[in-house]
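J.: Predicted structure and sequence below. I'll ask about it afterward.
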Amino acid sequence: MPNQVQKTCTMCKEIKPQAEFKRMLTLAQSAHYLRRASVKTRTSVVSVRCKDCWKKSKRKTPLTAKQILNKVASGDMHSVTAEIELRKRKEDLPKIRSRIMKEYWWGKKTNYLKQLNANLQKQVSTYGNRYRNTKSKLKASLEKHETTHHALLEQHSKNYTLAKQIKKDLMARAREGEVFELDVSINLLRKE
């Protein structure tokens, strides 16, 4: 159709027929466009954006009940459509509340797990530091040809390995739902 008027969209920069740029204004927009207090019919305009780009820029979040009632009052939404939307919102409300509470409790649970993990990791790090410190002292004493007690290094190594295993077991039990004090001591559990 060579006689058809072509236009370039300002958003996607595509050249399309002018029919792709026509859109209907809402009653409130029509009144504002025509500079009148109110209008009874909607006005059609030729936009600078094509229909596809207008769809992309539409509101993603659902309207609130107050916004729906305001649109009905201004004439931008039909009352039957508004009733359907409000009924749908009312039916979805328990599902939304349920999802929010699940997210809330999941957040509480993961927060507890993070705090417990941080406490246990701090204690495991203490055992690891003792082991590495003893190992470096042993290495330095061997270089100086001094005699040293090797049993201490072996004991720190066992304690470090045991502390890591206790932490792993406690975190697995906590993830399954068992509740521990946040300041649980690996040292006490190691002696049991």
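T.: Nice, I can see it.
J.: Let me see the contact set for the residue nearest the centre of the chain.
T.: In the chain, the residue lying closest to the centroid (CA atoms, centre = their mean) is Glu103, at 10.3 Å. By CB atoms under 8 Å, 6 or more residues apart in numbering, no residues touch Glu103. Just so you know, the C-beta spots here come from the backbone N, C-alpha and C atoms, and that holds for glycine as well.
J.: distance of it from Glu91?
T.: Distance of Glu103 to Glu91, given as CB to CB, to the nearest Å: 20 Å.
J.: How about Cys9?
T.: 38 Å.
J.: Can you show me the helices along the protein?
T.: 27-33, 51-56, 65-74, 79-143, 151-175, 186-191 (DSSP state H).
J.: Next up, the contacts around the closest residue to Ser79 other than its chain neighbours.
T.: Sequence neighbours aside, Val72 is the residue nearest to Ser79 in space, at 5.5 Å (criterion: CB to CB, 6 or more residues apart in numbering). Val72 makes contacts with His78, Ser79, Ala82, as judged by CB under 8 Å, 6+ apart.
J.: what do you get for Ser44?
T.: Here Ser44 is in contact with Lys22, Arg23, Met24, Leu25 (CB under 8 Å, 6+ apart).
J.: For these, work out which two are farthest apart.
T.: Farthest-apart pair in the contacts of Ser44 is Lys22 and Leu25; separation 10.8 Å (CB to CB).
J.: Quickly list what's touching both of the two.
T.: Ser44, Val45.
J.: While we're on Ala19, how confident is the model there?
T.: Looking at Ala19, its pLDDT stands at 88.
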